[in-house]
Every structure is written in C-alpha cells, then in structure tokens.
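[1] just to be clear, the model below is a prediction. Sequence and coordinates:
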Amino acid sequence: MSMLNDLIRNSRPIAHHGPWPRVIADASTWISAGSRLSEGQLTMLGLWGERNAVHLALLDEQAGMAAILSLEELQNGYPSIAQYHPPALRLERTLRDLTGLEPEGLPDNRPWIDHGRWGLRFPLGTRSAPAPELSYAFLYADGENLHQIPVGPVHAGIIEPGHFRFTANGETVVRLEERFGYVHKGVEALMVGTDLARGLQLAGRTSGDSTVAYAYAFSRAVEAALGIEIPPRAVWLRALMAELERLANHLGDIGAICNDAAFALMLAHCGVLREHVLRAVGAAFGHRLMRDRIVPGGVAADLDGNGQAGLRVLHAELSRKFPALVELYDNTASLQDRTVGAGTVHNGLAGQYGAGGYVGRAAGRSFDARRNLAYPPYDELIFDMPLLSDGDVNARVWIRVREIEHSLSLVEQILDRLPDGPVLSDVPLVNEIREGVALVEGFRGDVLAWLRLTSEGRIERCHLRDPSWFQWPLLEAAIKDNIVADFPLCNKSFNCSYSGHDL
C-alpha cells in the first residue's frame, strides 16, 4: 500500500472538490507524516497556513500520487514538521510570520519573511504579536582565522534584493547563510476576497519570469475546483506557451552563467536568441512574456496563421544556431575550468529537499511534473527528461541545454498537432465552497497552486509555492568549500527567484 494512502486512510476526508484528496489529520498522523518525510518515503510539495489551520502537501513519488494533509481548529500552534524534516524550516518560519501559529518544536525560532518593518506583522490580519527584532541574528561559525563577508541586500547588478552572509577562511567559504523577505508583496493576502480575474493577475505577477507557469498553475487549480473542462486547442496552446517561456529563460540563463565565468561571447549569442524568442512570442500572442494569456477556462489569446508561421521560423532559427553554441561551450577549456566541480549538490540532498527543475535533475532527482503527473497534453507528447548525477554548475548548464533541445521538439510537435476550435470555456458559478490544486512544471521546476473559492466564486484563500523554496537552501550547501569568487557563478547556475520566494 502507498505510504500516502496509509496516512489518508487514518484521516477524515474533506468534501470539497479537486484532483488531490485533502484530509483532516490528527496530531499523531501529522507527526507520522513528518517521520515519513524524514525517512525519504514521501516528498514535501508545500506547507502553508491560514487563520486556524495548517496544510501539508505530500507526494508519493513511487505511487505517483499526491494529497494534502490538514490540521484544523488550531488555537495557538501545531507540531513542527521541521523538527523531523529540515526542508520545512523556512516554510514554518514564514507560516508563523504570516499567521501567528506557532510550530511547536521548531528548531529555529528566528523570523523569516517578517523584517519588523511592515507596521502590521501578519498580512492576513488575524493575529497580533510583538514585532521581531530588527537585528537579525546570523548563525555563528567557530574556528580559527574565520571572517565574515556580508553581501547585499542591495547588489551591484540589476537584481532583486537578498542578503548573503559568508563565513570564510581566506577565500574558502565555510558557511553561507541567506536572508530573504525584502520583496515580500503580500500576494496571498491581496488575493483574499478578490474575483478570479484579479487573482489571475496577482498569480501571474508572483515571479515575472514565470508568469506563464503561475497563470497555468492558478488556472488549472480553479478548473479543478469548479470542474471545468477547457477546449482541446486551449490545452495545447498552454503547453506551447510554457515551452516558449522555458526556451527564453534557459537561453538567458546559459548566457548569464557563462558571463559570470568571464565568457561574455556566450552571453551575447544567447541574448540574441532569447530576444528572437521574445519577439516571436510577442507577435504570436500579443505580449513578449505572455502575461495574462492563460486564464481560467482556457487562453485569452488565440494563435493565428501569421503567429504560427513566425514560431516555425523561430524554431528553424534556434535549431540551426543553438548547436553551434553548445559546441562552443563544450570546447572552451576556460569555461570548463570554472564550471566543472563547482557548486556541487549531492543527490541525497536534492531528494531530501524535493528539488525540482535543473537543480534537482542535475543532481540525479528524477522528477518532472510534465512526465510524472502527465497532465495534458504532455501525456500525448514525446520528450525525454534529461538526468545527470554530478550536481555541479556544469551539470546544471547541460540540463538546460538538453531541455532547450526537448522544448524545441515539443514546440514542433504542438504546432504540428494543434487542434482547431474555441480557446475559452465559460467559468460557472457554483453555489458552494470549492477547493482545487495544481502542480505545473515551470522552467525552474514545479509550481504549486492551491485555492479555496467561496460559494460566490471569490477567492477565500490561495497559496502559491515557487520551486525556489526548495532550491535556495541547497545553494548554501553547494557553495561550501568553494571560493568566494565562485559564488556569483554558483548563484547564477541556480537562478532562484527572490520574488517568487518572498511572495
């Protein structure tokens, strides 16, 4: 029997609708889930809370099933999952900052998202508590000849704010500790009470480079809640948009990684190809990033003949020019000297954290929501999932390279098989509370969206989880024993989202 089925069997099911079961657990079942996470029998997909409840999304990778475990009617706290499973630590610290619910047994009691500068500690407005100290207590490393190097939160480049505190022995990094929350926007609080149109806008702006992935996940969660079947053409157009977003971001990442290794030529060539992707996409769908093009019920922009022709020209150009860039990367010794063996993430850690995308697959974690969950139309498409075991910067580059090749194949398959017909279904008003959840593969990894709709069809609660939540902690492990000067390279090879993390 599936480990997850065993937990579900001992819990009370919720009558709301959605593709994954949600059950009300008791404390012993909740603790049992933490133990099974610690033993590697289950993977954590998310952990979030609301006024008097906490929710834990779990994946049984062997059985290919997922479920949500909930504790409800809480007064002050709940048993901490992080005391059994370290990947839950930042999520529980955030949950406490946003709801006031205390994770009992939490190994680290410092705030995470809350910097004590909001004026209102808990954006959901349900509790009050003294603001945390403005001075954040970074962890202390004991040893001879150690010094600390603070970097950020304001950086020299045009990137989002995040603080990195290095403890080093000479140039060798002994410890890296991160501090985020500087771009917390209160997305989930802003969604409360809004209609679906406004909720979609907020979801698509959670992390700008993944606007398709977030709109995709949000829309599928709404459709799961309301039982909407979208037109076949919209199903295929959504996948087309997702693959085009993946192409643009992977091209940008490969160039940026090489630039951080002082090989600006790759940045220039990849930048040109990325720009061609964005121009073709803008002509095809009316927006370079395809923002607000995926909506509940289908898509808001159809693809006409000129748009298809432009995407085929783009496909031919990338298929002709990209292999030469791959060869350039592979045959440049100075690049290999910087990327091979740098910033290594081991398979055990990637599996423990459920790291998705190129971070996980470069370290041997075999998971891709498009394949493992096989949501349409990916269940009808042919593509491989590249997998490497080295877990270093070089491996993360090669995963991106192979994914570009596979996305080009997927774009061609979709254009060849794109069905005719409408692209949008009506969104019905259902006079009862409904819940829905979806997991969609973005370019960084799996994006989770869960929501509850009121009987009037408005959003009562929505939770969005970026893959960066389970990748940022691995960067701390990856940089250990590397030199400080290699941090920009390692960081860029992860390219985690600040905005998606901070919400």
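    Arrived safely, thanks for sending.
[2] list the buried residues of stretch 450-461.
    Trp450, Leu451, Arg452, Leu453, Gly457, Ile459, Glu460, Arg461 (16 or more other Cβ atoms under 10 Å). Where C-beta positions appear, they are placed from N, C-alpha and C, glycine not excepted.
[3] what does stretch 368-387 give?
    368-373, 375, 377-378, 381, 383, 386-387.
[4] let me see the mean pLDDT of stretch 14-33.
    In this model, stretch 14-33 has a mean pLDDT of 86.
[5] and the residue of the chain positioned farthest from its centre, how far is that from Gly170?
    Computed with Cα atoms, centre = their mean, the residue of the chain farthest from its C-alpha average is Glu144, at 38.4 Å. As judged by Cβ to Cβ, to the nearest Å, Glu144 and Gly170 stand 11 Å apart.
[6] same deal with His406?
    42 Å.
[7] and for His287?
    49 Å.
[8] who has more neighbours out of those two?
    His287 (15 against 11; other Cβ atoms under 10 Å).
[9] contact partners for that one?
    Shown in contact with His287 (Cβ atoms under 8 Å, 6 or more residues apart in numbering): Val281, Arg293, Ala301.
[10] in helices, which of those appear?
    Secondary structure from DSSP state H places Val281 of these in helices.
[11] okay, the contacts of His287 in JSON lines with distance to Thr344 next?
    Converted to JSON lines, the contacts of His287 look like this (distance: Cβ to Cβ, whole Å):
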{"residue": "Val281", "distance to Thr344": "35"}
{"residue": "Arg293", "distance to Thr344": "38"}
{"residue": "Ala301", "distance to Thr344": "42"}
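[12] neighbour count added to the contacts of His287, as CSV?
    Converted to CSV, the contacts of His287 look like this (neighbours: other Cβ atoms under 10 Å):
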residue, neighbour count
Val281, 26
Arg293, 23
Ala301, 19
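[13] turn the contacts of His287 into TSV, including pLDDT and distance to Pro13.
    Output for the contacts of His287, formatted as TSV (pLDDT from 0 to 100; distance: Cβ to Cβ, whole Å):
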residue	pLDDT	distance to Pro13
Val281	98	42
Arg293	98	36
Ala301	93	39
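[14] closest one of the contacts of His287 to Asp486?
    Nearest to Asp486 among the contacts of His287, counting by Cβ to Cβ, is Val281 at 33.7 Å.
[15] right, and the pair among the buried residues of stretch 368-387 with maximum separation?
    Pro377 and Leu387 (22.7 Å).
[16] how close does Arg371 sit to Leu237?
    Applying Cβ to Cβ, the value for Arg371 to Leu237 is 20 Å.
[17] err, Gly442, not the other one
    17 Å.
[18] and what of Gly34?
    In terms of Cβ to Cβ, Gly34 sits 41 Å off from Leu237.
[19] which one's more surrounded, these two?
    Neighbour count, other Cβ under 10 Å: between Gly34 and Leu237, Leu237 has more, with 26 against 21.
[20] helix or strand: which one has that one?
    helix 232-260 (DSSP states H and E).
[21] and that helix, how far from the chain's centre?
    14 Å (Cα atoms, centre = their mean, to the nearest Å).
[22] now the buried residues of stretch 368-387 as JSON lines including secondary structure, pLDDT and distance to Thr211?
    Listed next are the buried residues of stretch 368-387 as JSON lines, based on DSSP: H, G, I helix; E, B strand; the rest coil; pLDDT from 0 to 100; distance: Cβ to Cβ, whole Å:
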{"residue": "Asp368", "secondary structure": "coil", "pLDDT": "97", "distance to Thr211": "20"}
{"residue": "Ala369", "secondary structure": "helix", "pLDDT": "96", "distance to Thr211": "18"}
{"residue": "Arg370", "secondary structure": "helix", "pLDDT": "97", "distance to Thr211": "18"}
{"residue": "Arg371", "secondary structure": "helix", "pLDDT": "95", "distance to Thr211": "23"}
{"residue": "Asn372", "secondary structure": "helix", "pLDDT": "94", "distance to Thr211": "24"}
{"residue": "Leu373", "secondary structure": "coil", "pLDDT": "93", "distance to Thr211": "21"}
{"residue": "Tyr375", "secondary structure": "coil", "pLDDT": "95", "distance to Thr211": "19"}
{"residue": "Pro377", "secondary structure": "coil", "pLDDT": "98", "distance to Thr211": "20"}
{"residue": "Tyr378", "secondary structure": "helix", "pLDDT": "97", "distance to Thr211": "20"}
{"residue": "Leu381", "secondary structure": "coil", "pLDDT": "97", "distance to Thr211": "22"}
{"residue": "Phe383", "secondary structure": "coil", "pLDDT": "95", "distance to Thr211": "23"}
{"residue": "Pro386", "secondary structure": "coil", "pLDDT": "96", "distance to Thr211": "25"}
{"residue": "Leu387", "secondary structure": "coil", "pLDDT": "97", "distance to Thr211": "28"}
